[in-house]
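Novice: Here's my sequence, what's the structure:
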Amino acid sequence: MPTLGSLITYEITVDESKRQKAVNARFVGEKVKEEKSGTTFDILKILLTLCLVVFVIYDVSQHHGSTIQATVYKSIFVRDYIKTDFQCGGKTYCSEMSSCKEALFYRENCSGTEMDGDNDGIPCEQQWCS
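Specialist: Prediction:
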């Protein structure tokens, strides 16, 4: 709080109405606070985005023919499809599957499946994975 005799520095600018006004006023000798270039929240957003990008690249590279759309679908809607007791047993079509999890397992782990008509990496969209 300024008192009588306090020394204050300031800059003069002109506002929209062409009137002068003081800005950046502070006591003489007062240290100027430096603005931080990046907050913790900004750093966390960058790290989270980087982790997401790395995960998508890893998943697409591990599952040949998979897409970013399929990776996001699996991550959000069918997160635990990998933790299953399914085994490749000669099933090829959606009509032979009992769930979206099973269709995803077969699509990504068993050869010769024909369950992804639009080739977007998400099998059996009309029957199980909608």
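
Novice: Okay, now the unreliable bits of this protein?
Specialist: Within the chain, the segments meeting pLDDT under 70 span 32-38, 59-69, 71-84.

Novice: quick one, helices of it?
Specialist: Remark: helices assigned in the chain by DSSP state H are 40-62, 68-77, 100-109.

Novice: List the contacts of residue 88.
Specialist: Residue 88 makes contact with 106, 109-111, according to CB atoms under 8 Å, 6 or more residues apart in numbering. C-beta coordinates here come from the backbone N, C-alpha and C atoms, glycine included.

Novice: Which PyMOL command selects the buried ones in these?
Specialist: Command for PyMOL that selects the buried part of these, burial taken from 16 or more other CB atoms under 10 Å:
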select buried, resi 106
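
Novice: Quick check: residue 91 vs residue 117, distance?
Specialist: From residue 91 across to residue 117, the span is 16 Å (CB to CB, to the nearest Å).
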